[in-house]
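Visitor: no sequence on this one, just coordinates:
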């Protein structure tokens, strides 16, 4: 009996929570580092297709994004339901692509400009007509490294 | 005595109990705003722009593997309808030509994949074809890397990769799409 009482007496101090903030801070820093704030609000619906031969895009600053897809319901009144191109945070046409690429290029140091990639985030139901126009515009402006954005699909 | 008590109070540490709350608040904020988007995709090198269309008729027909995708997303491979699932194997056979057939590529170096589609073709169908072709090439390169260096193409050094790339170059020619099926 006396043994039991002794033990109880020992265990009475509560677990120290002094290190809790440290743990939380650690988590906090992790999320702060991996966070990339969404700089563009998508105004179109994009569901990228699945593929198996994927390459990971590195160096986010060297990548510019072109979105193609059906406008979201709240924009359909003004822009209709046909697939549209989105550059930055506004609707555009393929004629705006050279300027868009130029503006992105200007922000990048000259030595790194050869590595600029364009990520085409295209909805799987878009018809190739629009895509072909965009591709032609890209080729005409000398932007030849292109990444068709896709999700991983399990190998058959 | 009174003096001593103030000293005691100064020596006391600041209460850090609320630190966790503040950290939690920040943590939750970042948790909510975080989008860990990994951007992956099929990397493609487009051909530079030239005003005249490349003329593939000059090439020997046995070296050209033409894939047509129409507005109904159906495949026509070298003049015959085909299923997407068979494309990879057929493509590999065309490139390597193991039996040295008359109608398949003379040499992997001379093989050219020609893609053509309608403006009404769905993007998903186009990308699937592109993906299969790229997969066929990747598998062949892997095979060769395994035979020569005993490792996968991915793990090869730069020079080894280059040797393989010159032995099995990926040449995809894309024609301008024809104006079919784009009704919007």
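Guide: Yep, it's here. Keep in mind that this is a model prediction, so the values were computed, not measured.
Visitor: Work out the gap between the longest helix along chain A and the centre of the chain.
Guide: Ranked by number of residues, the top helix in chain A under DSSP state H is helix A:20-34. Distance of helix A:20-34 from the chain centroid (C-alpha atoms, centre = their mean, to the nearest Å) equals 23 Å.
Visitor: for stretch A:67-85, same thing?
Guide: Counting by C-alpha atoms, centre = their mean, stretch A:67-85 comes out at 20 Å from the chain centroid.
Visitor: next one: stretch B:81-98
Guide: The answer for stretch B:81-98 is 19 Å, by C-alpha atoms, centre = their mean.
Visitor: So is that stretch next to chain A?
Guide: Yes. Applying C-beta under 8 Å from any C-beta of the partner chain, one finds that stretch B:81-98 is in contact with chain A at residue B:85. All C-beta atoms are positioned from the backbone trio N, CA, C, and that covers glycine.
Visitor: List of residues touching that stretch?
Guide: A:156, B:65, B:67, B:74-77, B:104-106, B:108, B:111, B:113, B:128-129, B:132-133, B:135-137, B:139-140, B:168 (C-beta atoms under 8 Å, 6 or more residues apart in numbering or on different chains).
Visitor: Let's see that with 7 Å instead.
Guide: For stretch B:81-98, the surrounding residues in contact (C-beta atoms under 7 Å, 6 or more residues apart in numbering or on different chains) are B:65, B:74-75, B:77, B:104-105, B:108, B:111, B:128-129, B:132-133, B:135-136, B:139-140.
Visitor: Just the buried residues out of these, in PyMOL syntax.
Guide: Remark: buried members of the contacts of stretch B:81-98, expressed as a PyMOL selection using 16 or more other C-beta atoms under 10 Å in any protein chain shown:
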select buried, chain B and resi 65+75+77+104+105+108+111+128+129+132+133+135+136+139+140
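Visitor: which residues does residue B:27 contact?
Guide: A:24, A:27, A:28, A:31.
Visitor: So what's the residue count around the first one?
Guide: The local packing of residue A:24 (other C-beta atoms under 10 Å in any protein chain shown) involves 19 other residues.
Visitor: Equivalent analysis for the third one, please.
Guide: Residue A:28 is surrounded by 21 other residues when neighbours are defined as other C-beta under 10 Å.
Visitor: all helices of the chain, in order?
Guide: Chain wasn't specified; assuming chain A. Under DSSP H, chain A gives helices at A:2-11, A:20-34, A:73-79, A:97-106, A:128-140.
Visitor: not quite, I wanted chain B
Guide: B:2-11, B:19-33, B:84-96, B:123-149, B:158-167.
Visitor: Point out the most buried one among the ones you listed.
Guide: Highest mean neighbour count of the helices of chain B: helix B:123-149, a mean of 20 (counted as mean count of other C-beta atoms under 10 Å in any protein chain shown).
Visitor: Tell me which other helices or strands that helix touches.
Guide: helix A:128-140, strand B:40-45, strand B:64-69, helix B:84-96, strand B:112-117, helix B:158-167 (3 or more C-beta pairs under 7 Å, 6 or more residues apart in numbering or on different chains; DSSP states H and E).
Visitor: Turn those into TSV, including distance to residue A:108 and mean pLDDT.
Guide: Formatted as TSV, the helices and strands packed on helix B:123-149 follow (distance: least, C-beta to C-beta, whole Å; pLDDT from 0 to 100):
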stretch	distance to residue A:108	mean pLDDT
helix A:128-140	17	85
strand B:40-45	19	83
strand B:64-69	35	83
helix B:84-96	37	82
strand B:112-117	31	83
helix B:158-167	25	84
